[in-house]
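> what would the 3D arrangement of this be:
(one chain, ligands or ions: 1)
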Amino acid sequence: MSELHSLLTFPERPISQSYYLPKLQHFLKSGIPATYTLEQVAAFEREEKSECEGEECNADNSTSNTTPLHILARSLPLDIKNEELQVVMNMMNILFEYGAGWNFIDYEDKTVGDLILERNQSRESPLYKRLVEAGVSAELLLRKLNGGDVEFLDTDEPEDISSEEAIQMVSGGEKQEPVVSDDNDATAANQQVYLKTKLEYKNDALITKENKDGVMMDWETKIMEIASETLFPDLKATSSATVLNIGFGMGIIDTFIQAQKPFRHYICEAHPDVLAKMRKDGWYEKDNVIILEGRWQDTLNKLLDEGDVFFDGIYYDTFSEHYQDMLDLYDVVVGLIKPEGVFSFFNGLGADRSLCYDVYKEIVEIDVANYGMKCDYTKYSLDEQLPDWNDVKRSYFNCNYYYHPRITFV
Ligand SMILES: C[S@@+](CC[C@H](N)C(=O)[O-])C[C@H]1O[C@@H](n2cnc3c(N)ncnc32)[C@H](O)[C@@H]1O
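Prediction:
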């Protein structure tokens, strides 16, 4: 452990400005990076030892990054006083000022957020909120630097949460798993590949035929039920409502929507196997159902151009798309929704890590505000719902709570 790292274990109590701040500033000013990790210290020590012993140094294969912020968070005293918290906040601010990252994963596969929460600080605590704020700023800045392209995390930083994970964080799901054998991530990353991938309906899931990856799973049924209610701003007048669902999947939300007997129920679906299933199950014969075959990017823009239909509720839950697609969708939604209408979506944005889930919760709020809309979240516990993930390659939703978004014009 370096002297910087030792300082962040809070060897002196009470934690005072006069003891900690000058020392921290001294280390950072003297050139120790605010991202200096325990793993780098260990590698340096290994190299020195090998040099002394005239041996070749074995490379460190660890992919973790235990940063100064991790050490600070891990060392937070459980009995910390309010005045001390203020000093720790100042220390965090200094570390951020010197370039500390918010999203590194430590040797225990934890974010700084996980560690802060473990030390009895809540999601509402100033330290956790400061970390989320740093994440939001970093993501928005990154978007600007990328010229508007949304990338959740820095792909130039291999030590960060990987860009592969980033894809999963930012898209409509969860359900982005590789299928095509020669390009493992193509299905998740590329719609054209996904749309050519064979799908299979099982009892409790829609999966890709070859690799058995989940496109939709029935543990989300409760979420779909809640979402379907959101789509009817006036639950007493559902029979006069016109609703649009983007992404049929297993038809769970569409079944809930049908139960409300809406005036018109539009369903937009792009995958041929899903469309075939819809045909087989009689969705094409329902009087109030209108099926828009193809990608929403094509079919909805056509509706927009025609200018005949406006929706009381729009729901979005697709597969193999990215947050950039959602940003594009906002443009369409504002043109298709009635002034009092509601937009909602399956919120798996960043849900593999609770810190990222909290960061993206705020990013959506900021983005929809640009359209004169607000996003209200209702938090639901998922303790009873989450599956054991045994049947899929990896879990895509690791938070035991769900932020249900309800987006309306202000
Ligand atoms: C996760 S499933 C939807 C599950 C659905 N909410 C339910 O309750 O069963 C995603 C669906 O979106 C469809 N999809 C993916 N990209 C699409 C796009 N660009 N336009 C329309 N549908 C798309 C997929 O084929 C798939 O059927």
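> show me which residues of this protein are close to the ligand?
Counting by C-beta under 6 Å from any ligand atom, the residues of the chain close to the ligand are 173, 175, 191, 215-216, 224, 246-253, 268-271, 274, 295-297, 317-321. Where you see a C-beta, it was placed from the backbone N, CA and C, and this is true even at glycine.
> filter these down to the buried ones.
Listed as buried from these are 173, 175, 191, 215-216, 224, 246-253, 268-271, 274, 295-296, 317-321; burial here means 16 or more other C-beta atoms under 10 Å.
> in the protein, which spans are strands?
Using DSSP state E, the strands of the chain run over 199-201, 205-208, 214-217, 242-246, 264-269, 289-293, 311-316, 337-345, 373-381, 401-409.
> make CSV out of those strands and add distance to residue 76 and mean pLDDT.
Listed next are the strands of the chain as CSV, based on distance: least, C-beta to C-beta, whole Å; pLDDT from 0 to 100:
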stretch, distance to residue 76, mean pLDDT
strand 199-201, 47, 94
strand 205-208, 41, 89
strand 214-217, 37, 89
strand 242-246, 43, 98
strand 264-269, 48, 98
strand 289-293, 52, 98
strand 311-316, 39, 98
strand 337-345, 35, 97
strand 373-381, 24, 97
strand 401-409, 23, 98
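> burial of residue 293, as a residue count?
Residue 293 has 14 neighbouring residues, counting by other C-beta atoms under 10 Å.
> hmm, back to that, closest to residue 41 out of the strands of the chain?
With C-beta to C-beta, the closest approach to residue 41 among the strands of the chain belongs to strand 401-409: 35.9 Å.
> which helices and strands sit right next to the closest one?
Judged by 3 or more C-beta pairs under 8 Å, 6 or more residues apart in numbering; DSSP states H and E, the packing partners of strand 401-409 are helix 221-230, strand 337-345, helix 354-369, strand 373-381.
> list the buried residues of it.
Applying 16+ other C-beta under 10 Å to strand 401-409 flags 402-409 as buried.
> mind checking how far it is from the chain centre?
14 Å (C-alpha atoms, centre = their mean, to the nearest Å).
> kindly report the same for stretch 234-247.
Mean-position distance between stretch 234-247 and its chain equals 27 Å (C-alpha atoms, centre = their mean).
> CA atoms only: put that stretch into PDB for me.
Coordinates of the C-alpha atoms in stretch 234-247 are reproduced here as PDB (Å, rounded to 0.1, in the frame of the first residue of the first chain):
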ATOM      1  CA  ASP A 234     -57.100   7.500 -17.400                       C
ATOM      2  CA  LEU A 235     -57.800   4.100 -16.100                       C
ATOM      3  CA  LYS A 236     -61.500   4.800 -16.100                       C
ATOM      4  CA  ALA A 237     -61.500   5.500 -19.900                       C
ATOM      5  CA  THR A 238     -59.300   2.600 -21.200                       C
ATOM      6  CA  SER A 239     -61.800   1.800 -23.900                       C
ATOM      7  CA  SER A 240     -61.200   5.100 -25.600                       C
ATOM      8  CA  ALA A 241     -57.400   4.800 -25.400                       C
ATOM      9  CA  THR A 242     -54.900   4.300 -28.200                       C
ATOM     10  CA  VAL A 243     -51.700   2.500 -27.000                       C
ATOM     11  CA  LEU A 244     -48.500   1.500 -28.700                       C
ATOM     12  CA  ASN A 245     -46.100  -1.200 -27.600                       C
ATOM     13  CA  ILE A 246     -42.700  -1.500 -29.200                       C
ATOM     14  CA  GLY A 247     -41.300  -5.000 -29.000                       C
END
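> for it, list every residue counted as buried.
The neighbour-count check on stretch 234-247 (16+ other C-beta under 10 Å) flags 238, 241-247 as buried.
> same question for stretch 81-99.
84-85, 87-88, 91-92, 94-96, 98.
> wait, which of those is closest to the ligand?
The closest of those to the ligand turns out to be residue 96 (C-beta to the nearest ligand atom; 36.3 Å).
> tell me the contacts of the closest one?
The neighbours of residue 96, taking C-beta atoms under 8 Å, 6 or more residues apart in numbering as the test, are 34, 102, 134.
> cool, thanks, signing off.
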